[in-house]
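Colleague: Predicted model and sequence below, questions to follow.
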Amino acid sequence: MTHHRSRKFSVRIKQLLPILAVALTVGAIAGLTLVAPRLNDSEQASADASTTPSASPSESPSAGASRRAEPLPKFDPLDAPPVIAKAPKKPKKPKIDPCKVPRNLTVMTFNIKGGKVSPGELGGIAGVIRAAGADVVLLQEVDQNRRRSGNVDQPGIIASHLGMQSVFGANDYITDRGGYGNAILSRFPIDGSSNTHLPNRGGKEQRGVLRANIIVEGQRLVVFNTHLDHTSDSLRRTQIGAVMSKVNAYDGAKILGGDLNAGSGSGVLGTALSSLSDAGASLGASHDGGGRVDYLLRNSWLSTGKGRVSPTRLSDHHAVSIDFAMRGAGHCGQ
């Protein structure tokens, strides 16, 4: 009887084994489903920790947290740009009043023999000009930044002594920074200038004529300064012809001056006097060697006053100065 029961129980267990196997399998699958998300979260946290830069050894976690907690710096707001005013107008050119009279001025021509004048003697030349009371000065044989005369701007220095304006016309360029030629100085405003080289022949010194528009109490005076060749009369004639073509191209009050290297009865002077008058006809020699070679010539817009010749030890030429009076335009009844 007992043996029969035991045998029946064994048969029942064999029948339940498949059911137990299925139950265990279902339980295992359910357990894995619950555990898997936690494993993924752990792995992700580990990966994040491995990619985050570690703090430096000297920096504590609390310090890092404190630094991250600091607020961003505040910047002051930019002010609005200032309102731009209208661009300043260009200064007007001096107004020319052709009817304003009288206009009195003293003009000087002076060959300073620039190459033999030291920087220390430029004040002496300014003294000669000041003593004559000259308002407009025509200088010949002027150096600008040449080694032989001390690498100085001769016309600029002389003008600075006198409180004048100056313009320079280089006819011979000794170096890339130095020149030799003529200059015009004025205590009146200079409203434009130009320098023109004159006809020349091979091997001779280049000459030129320097022009300056000078505004004398509202009226334009055109001043020409030249220095003609000293070796050839035929070349001088050609050069004075070129000079007069420049002079005759301008209307109004005009003065031509300078070292013409020609005597009173010469063809050179005759060409110039075809349209101008000799303001210093009564003056004597203007050169240490005798003779008159330095001139101031005017047109009918000016009348001639007193003139004087001032010998100096600064040059082999004398300073020639003449007083002039400018008249008004023809329609003003002058």
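Modeller: Ah, there it is. Numbering: from 1, shown residues only.
Colleague: contacts and neighbour counts: CA atoms only from here.
Modeller: Fine.
Colleague: first vs last residue of stretch 212-223, how far apart are they?
Modeller: Stretch 212-223 has an end-to-end distance of 5 Å (Cα to Cα, to the nearest Å).
Colleague: In the host helix or strand of residue 109, which residues have enough neighbours to count as buried?
Modeller: According to DSSP states H and E, residue 109 maps onto strand 103-111. By neighbour count on 16 or more other Cα atoms under 10 Å, the buried set for strand 103-111 is 104-111.
Colleague: right, and the helix or strand after that strand?
Modeller: helix 122-132.
Colleague: Could you list every helix and strand that that following helix packs against?
Modeller: Contacts defined by 3 or more Cα pairs under 8 Å, 6 or more residues apart in numbering; DSSP states H and E place helix 122-132 against helix 154-162.
Colleague: mean confidence score for the helix it packs on?
Modeller: Averaging pLDDT along helix 154-162 yields 96.
Colleague: So which other helices or strands are in contact with the next helix or strand after it?
Modeller: Per DSSP H and E, helix 154-162 leads on to strand 165-173 as the next helix or strand towards the C-terminus. Contacts defined by 3+ Cα pairs under 8 Å, 6+ apart place strand 165-173 against helix 154-162, strand 179-186, strand 190-197, strand 208-216.
Colleague: coming back round to it: ok, residues contacting the strand holding residue 109?
Modeller: Strand 103-111 has contacts (Cα atoms under 8 Å, 6 or more residues apart in numbering) with 129, 133-141, 216-217, 257-259, 294-296, 315, 317-327.
Colleague: Pipe the helices and strands packed on strand 165-173 into TSV and attach mean neighbour count and distance to residue 236 per row.
Modeller: Output for the helices and strands packed on strand 165-173, formatted as TSV (neighbours: other Cα atoms under 10 Å; distance: least, Cα to Cα, whole Å):
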stretch	mean neighbour count	distance to residue 236
helix 154-162	19	26
strand 179-186	26	17
strand 190-197	17	13
strand 208-216	24	12
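Colleague: how about JSON lines for the ones you listed, with distance to residue 283 added?
Modeller: Formatted as JSON lines, the helices and strands packed on strand 165-173 follow (distance: least, Cα to Cα, whole Å):
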{"stretch": "helix 154-162", "distance to residue 283": "26"}
{"stretch": "strand 179-186", "distance to residue 283": "22"}
{"stretch": "strand 190-197", "distance to residue 283": "28"}
{"stretch": "strand 208-216", "distance to residue 283": "24"}
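Colleague: Out of these, which is closest to residue 226?
Modeller: strand 208-216 (4.5 Å; Cα to Cα).
Colleague: That closest one pairs with which strands, parallel or anti?
Modeller: Using DSSP bridges, strand 208-216 pairs in its sheet with strand 190-197 (antiparallel), strand 219-227 (antiparallel).
Colleague: Distance to residue 177 for those - can I get that in CSV?
Modeller: Listed next are the strands paired with strand 208-216 as CSV, based on distance: least, Cα to Cα, whole Å:
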stretch, distance to residue 177
strand 190-197, 17
strand 219-227, 22
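Colleague: Any chance of these in JSON lines with mean pLDDT and distance to residue 154 as columns?
Modeller: As requested, the strands paired with strand 208-216 are exported to JSON lines (pLDDT from 0 to 100; distance: least, Cα to Cα, whole Å):
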{"stretch": "strand 190-197", "mean pLDDT": "97", "distance to residue 154": "17"}
{"stretch": "strand 219-227", "mean pLDDT": "97", "distance to residue 154": "17"}
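Colleague: out of the ones you listed, which comes closest to residue 269?
Modeller: strand 219-227 (13.0 Å).
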